[in-house]
Each structure stands twice: as C-alpha cells, then as structure tokens.
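K.L.:
The following block contains a protein sequence and its predicted model.
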Amino acid sequence: MTGRVTSRLASLAVAALATAAPVYADCLAFADALSLASSNDPSVRVARANLDNAEAGLQQARSLRRPQLAAFGRTGIGDNGLVDSQIENQIGVRLSQRVIDFGDSSLARKAARSDIAAQENFVLDAKAAAALDAGLSYIAWQEALAQLRATEERVSYFSQQLEAIESLLVQGGATRLEQAEVAAEKASAEAIRFEFEFRRDRAATEVALATGDAGALCDNARLQVSNRASAESPEDLQDLVASAVRQNPGLEALRRTSDGLDASAKRQARERLPIIDVVGIASYASEDFDGGFDLQTRVGVNVSVPILTGSALTARRRQASAQAARARGELAVARRNLQEDIQVTHRRTLLLEAQNARQADVARLKTAQFDAAKIEYEQGLRTLPRLIEIRLELEQASLNSIATEFNLARERLRLAALTGQILQAPNDS
C-alpha cells in the first residue's frame, strides 16, 4: 500500500512540471531545458571527475590481492664470512602475492565501492540541482512573459483612453486634468513594462547559459497547475517523506560516504595485524665486477608487522574514526533538513493551491466590475479617476493571480527535486 501511494505522489509531482501544449521543434520545451541543464552544468563535470577518481581508487584497492611483479638491480659490499667482505651484484625479478591480511584488502575494496556509489549519487545530485536552477529560470521567464502581456493590455487601454480624451478635449468634453491623469497612468504602465521585459530577458539568458542552447523558449503555454503535487493526508505526507529519504541522491551520497568512512576506520584499526605475502625471486648474481653471473631462485614468506611507528597508527585510527563520526552527523543533519523542507514545501503548496483558485476568482470578479464601471462611466454615472482606479485594481488582481500560479509551479518543481523525481520524464494529464 505504501509503495503504491508513494508512486502515485511522485507521479503527481512530476506531472506538475509538464507543459500544457505540445513540444515544437523551433523552441526549447521545459522538460528539454531540464535535461540539457543537467548535462551542461560545470558542477556535473566536476562530479563526474570525482566519480572517475573513485573508480581508480577501487582499481587500486583490488590490486592489493593481485600478484605484484617488479624488476630490481642492486650492488653492495658487505661481510661474506668471518674475516672477509666483498662486492655482490644482482639483477632479477620479484613476484609477490598477498595471502593473508586479516581483512585489510576487503575493507579497502568496501570503502572504495562505497566511495563510487557516493560519487554516482553526487553526480545525480548535481544534475538535479542544475535542472532545478534551470527550471526556476524557465518559470521566471514564463512568469515575466505573462506579466508583460498583462501590462501591455494596460498600456493599450490607457493609450486608447488618452486618444479618446484628447478628442473630447478639443470639443470641451474633457478636462486637461483628466488628460494628465490618463497620460500619467500610461507612462507608469510603460515603465513597468520595461521592468518585466528586463526580467524576461534575464531569465531567458539564465536558461540559455544553463542549457547551452540559445534558441527561443516555448511561450505558447503555461505550466500546469491543476494537478495536486502534494500529499492529501498526514499518512500520505509521511510516506512521501520516507520515499524522499530513500530516493534523494544527495542524502544517498552522504549515506554511502558514511559507509565508506566506517570501512576505512575499521581498516585503520587493523593496521597492527600482520600482512603475509608469498614471495618468489629469480635473479642473476655475481661476486665482484669481474665475476660471472649465476642464476639464483628463492621462494619464501614475507611477514610484515608494524611495531614502533611513533604513534602514527594511533593518530591515523583516530582521524579515520573522527571522519566517520562526522559523516554520520552530516547525514543525520541532512536527513532532518530534507524532512523539514518537504513538509514546509508541502504546506506551502497546499496554501498556494487554495490561493490560486481564489486569485483566479478575484481576477474574474474584477473584470466584471471593470466592465460595469465602463458602462457607468459612459453614462456619466462614474468619474474618470474612479474608472482608472478600478482598472488598476483589475491589473493588480491579474498580476496577483499570475504570481500565485507561478509560485505554485516553483513549489511543485522544488518538491520534485526534493523527492528525487525532477529528471524523470514528465507526463501530461
């Protein structure tokens, strides 16, 4: 039951990201922008480099239990008996194979595998962060575009009103005060339009930089806001939080990092145990520089046990244990923050869903009020200042409705990022 509920909630969170209109080849769709940003962001390349480094670490850890072959050459002088000494020259190869290390190599491999898993999730986390930033910029572009269209309607209305008043002014049917009031509102609307144009262009630039695609964005539709992207009951919310704790890549990366550091701490704790290698040597040796070389072969067992290290082993063990404890603490903090963020985002989404419906109703009522006020003004029952005031109230209601709609889209996008669903394919509904 829990799996079915969390799957449904995740699909709803992702569905809220889809655009209502089909994707056109001549513009960059919302989902495509998220995908491109997740591949183009420099932080993703940094995370991939860290992953490659972790994979090399695993290769190094595996080499501990593999045969080691080395060539050597040496010359030296020393005692050869009780009363004489001589020069000895030797050249050959040394083959060794570790046979017993009391878990040192297995713990090294475990730590390396955990590091790889952590870096893989750091890559996913970097992709999700890049997609979130690009998505927020895309939403900001759509919001500015919608605000710009609302403001352009205001500019158009006051331009028409100013032309009408100037015609009446010649005939004595209007005053210069009325002309000044309408002209001032038109100028104010044009100034606000410039601000929205700047926001639109800035958001478009951010998306272009994030995606590496300077093409046009799709302005033919807005984001869907009708589907609920949040839990519908406290039980569903808890299931959503539990699912996010399991699926969030950033949290999983910290969990894997903690596991790897725990393995490293255990490995450091076993450094005083012996490491046993089987060693075989084949070499040519001679006495003095003018002697002939004879083949020598030797097979033996090499036992290495640290005895006195000046407290270096103790210090490394303490460092490894402290790093593991710190990683566990960071994991606990991140888990708590994630749970808090999801619950706060959930409540904010519910609030915005309710506000969105109310703001749309207010905009419709203000439209009806303005239509009635125009009729009354034409009949001489309402003054021009009052008509302008109602027109400004209508525009403000429209802007409030737009802001609520796109704030809801932002919260749904953040919810998808928190639950690890932001890069899954969105579904229309």
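P.N.:
Alright, I've got the coordinates.

K.L.:
Tell me how many other residues crowd S188.
P.N.:
When counting by other CB atoms under 10 Å, one arrives at 15 neighbours for S188. Glycine gets a C-beta too; all of them are placed from N, C-alpha and C.

K.L.:
and it, what element?
P.N.:
helix 176-211 (DSSP states H and E).

K.L.:
Let me know the average pLDDT across that helix.
P.N.:
For helix 176-211, mean pLDDT rounds to 86.

K.L.:
Pull the contacting residues for the residue nearest to V44 when sequence neighbours are not counted.
P.N.:
The shortest distance from V44 to any non-neighbouring residue, by CB to CB, 6 or more residues apart in numbering, is to A126 (4.6 Å). Residues near A126 by CB atoms under 8 Å, 6 or more residues apart in numbering: 41, 43-44, 46-47.

K.L.:
how does it look with 10 Å?
P.N.:
Listed by CB atoms under 10 Å, 6 or more residues apart in numbering, the contact partners of A126 are 38, 41-48, 50, 249-250, 253.

K.L.:
any idea of the angle the helix or strand containing it forms with helix 176-211?
P.N.:
A126 belongs to helix 104-171 when assigned by DSSP H and E. In terms of direction (axes from the mean of the first three to the mean of the last three CA atoms, to 10 degrees), helix 104-171 departs from helix 176-211 by 160 degrees.

K.L.:
Just the angle for the helix or strand that the helix holding S188 is followed by relative to helix 104-171, thanks.
P.N.:
Of the helices and strands lying after helix 176-211 in sequence (DSSP H and E), the nearest is helix 234-247. If you take the same axes, to 10 degrees, helix 234-247 sits at 120 degrees to helix 104-171.

K.L.:
buried set for the lengthiest strand in the chain?
P.N.:
Longest strand of the chain, by residue count under DSSP state E: strand 85-100. By 16 or more other CB atoms under 10 Å, the buried positions in strand 85-100 come out as 88-90, 92, 98.

K.L.:
Nearest to F293, out of the residues you listed: which one, please.
P.N.:
Nearest to F293 among these: N89, at 7.8 Å, using CB to CB.

K.L.:
returning to that earlier point: could you dump the buried residues of strand 85-100 to CSV with distance to A327 and pLDDT?
P.N.:
Converted to CSV, these look like this (distance: CB to CB, whole Å; pLDDT from 0 to 100):
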residue, distance to A327, pLDDT
E88, 52, 76
N89, 52, 81
Q90, 48, 83
G92, 46, 92
R98, 29, 92
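
K.L.:
Compile those into a markdown table and extend it with columns for distance to A315.
P.N.:
Converted to a markdown table, the buried residues of strand 85-100 look like this (distance: CB to CB, whole Å):
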| residue | distance to A315 |
| --- | --- |
| E88 | 40 |
| N89 | 41 |
| Q90 | 38 |
| G92 | 38 |
| R98 | 25 |
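
K.L.:
OK, contacts around N40?
P.N.:
Neighbour list for N40: 130, 134, 209-213 [criterion: CB under 10 Å, 6+ apart].

K.L.:
picking that back up, give me the PyMOL select line for the contacts of A126, limited to the buried ones.
P.N.:
In PyMOL, this line selects whichever of those come out buried by 16+ other CB under 10 Å:
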select buried, resi 38+41+44+47+50+249+250+253
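
K.L.:
Tell me which of the contacts of A126 fall in helices.
P.N.:
38, 42-48, 50, 249-250, 253 (DSSP state H).

K.L.:
I'd like to check which residues are in contact with the residue nearest the centre of the chain.
P.N.:
Nearest to the mean C-alpha position of the chain, by CA atoms, centre = their mean, lies A129 at 1.8 Å. By CB under 10 Å, 6+ apart, the contact list for A129 reads 37-38, 41, 43-44, 47, 249-250, 417, 422.

K.L.:
okay, who's weakest in those by pLDDT?
P.N.:
Among those, I422 has the lowest pLDDT, at 85.

K.L.:
from what I can see, it looks like it's in a helix, true?
P.N.:
No: per DSSP: H, G, I helix; E, B strand; the rest coil, I422 lies outside any helix segment and is coil.

K.L.:
In this model A33 seems to touch it, though I could be wrong.
P.N.:
No: contact between I422 and A33 fails when scored by CB atoms under 10 Å: they sit 11.9 Å apart.

K.L.:
Spit out the residues that contact those two alike.
P.N.:
What both I422 and A33 touch, as defined by CB under 10 Å, 6+ apart, is the set 131, 135.

K.L.:
could you check the distance from the nearest residue in space to D341 that is not next to it in sequence over to A118?
P.N.:
In space, and not counting its chain neighbours, D341 is closest to L418: 5.7 Å by CB to CB, 6+ apart. Remark: distance between L418 and A118 (CB to CB, to the nearest Å) = 19 Å.

K.L.:
same check, this time on R328
P.N.:
Note on R328: its distance to A118, by CB to CB, is 14 Å.

K.L.:
that older thread, okay, the ones in helices among the contacts of A126 in JSON lines with distance to L350 next?
P.N.:
Shown next, in JSON lines, are the ones in helices among the contacts of A126 (distance: CB to CB, whole Å):
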{"residue": "S38", "distance to L350": "28"}
{"residue": "P42", "distance to L350": "36"}
{"residue": "S43", "distance to L350": "32"}
{"residue": "V44", "distance to L350": "33"}
{"residue": "R45", "distance to L350": "38"}
{"residue": "V46", "distance to L350": "37"}
{"residue": "A47", "distance to L350": "34"}
{"residue": "R48", "distance to L350": "38"}
{"residue": "N50", "distance to L350": "38"}
{"residue": "P249", "distance to L350": "26"}
{"residue": "G250", "distance to L350": "25"}
{"residue": "A253", "distance to L350": "30"}
